[in-house]
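Novice: Give the three-dimensional model of this entry:
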Amino acid sequence: MFVQATIHPLSAPPPGSVKFFDLPGENIVFQTIADRSGITLFEPAGRFLVGVIEIIACLFLLLPFTRRFGAVLAALVTGAALGFHLSPWLGREIPVSLDPASTQTDGGMLFMLAIVMFAGSLLLLVVHPGKIRD
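Specialist: Residues are numbered from 1 along each chain as shown. Predicted coordinates:
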């Protein structure tokens, strides 16, 4: 999910859904947070910071000796995402467009994905063997 949300390796990504390649002010999630909170640093600076942390978490998850740290990093990122989803700044249902006339939302799909990613990160912390100490 982190790779899909940051660089979107597939062709023709949905507009407003890729952290690194959306134009400033076009990312739906971070622009919604910036608009509702009044803190303009969320878009684009916060978006790029979160994207870099997600890519670092991906790299750590790929390597067996850093996998637990990657799981911690992923749990922190998705935990923060859940916090924003439960706050009035973002909400559980994300608008599918930045057009103020549009009332269509994602139906909570991004919120559910954050829950699954958070649970998967915590599960990886439990099942991945740590360093055995004598």
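Novice: mind listing the helices for this structure?
Specialist: Secondary structure of the chain (DSSP state H): helices located at 2-6, 28-37, 45-62, 67-85, 109-127.
Novice: Can I get the shortest one in PDB, CA atoms only?
Specialist: Written as PDB, here are the backbone C-alpha positions of helix 2-6 (Å, rounded to 0.1, in the frame of the first residue of the first chain):
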ATOM      1  CA  PHE A   2       2.800   2.400   0.800                       C
ATOM      2  CA  VAL A   3       4.400   2.000  -2.600                       C
ATOM      3  CA  GLN A   4       1.000   2.400  -4.400                       C
ATOM      4  CA  ALA A   5       0.200   5.600  -2.400                       C
ATOM      5  CA  THR A   6       3.600   7.200  -2.800                       C
END
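Novice: quick revisit: just send the helices of the chain back as CSV, with mean pLDDT too.
Specialist: Listed next are those as CSV, based on pLDDT from 0 to 100:
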stretch, mean pLDDT
helix 2-6, 76
helix 28-37, 94
helix 45-62, 94
helix 67-85, 95
helix 109-127, 94
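Novice: would you turn those into CSV with mean neighbour count and distance to residue 21?
Specialist: Quick note: C-beta positions are derived from backbone N, CA and C, even for glycine. Output for the helices of the chain, formatted as CSV (neighbours: other C-beta atoms under 10 Å; distance: least, C-beta to C-beta, whole Å):
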stretch, mean neighbour count, distance to residue 21
helix 2-6, 17, 9
helix 28-37, 20, 13
helix 45-62, 17, 10
helix 67-85, 18, 19
helix 109-127, 15, 18
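Novice: Ok, which of those helices comes nearest residue 93?
Specialist: helix 109-127 (7.3 Å; C-beta to C-beta).
Novice: what packs against the closest one?
Specialist: The criterion is 3 or more C-beta pairs under 8 Å, 6 or more residues apart in numbering; DSSP states H and E, and the helices and strands that helix 109-127 contacts are helix 67-85.
Novice: how near is residue 74 to residue 44?
Specialist: 22 Å (C-beta to C-beta, to the nearest Å).
Novice: about what we covered before: for residue 103, find the nearest of the helices of the chain.
Specialist: helix 28-37 (13.6 Å).
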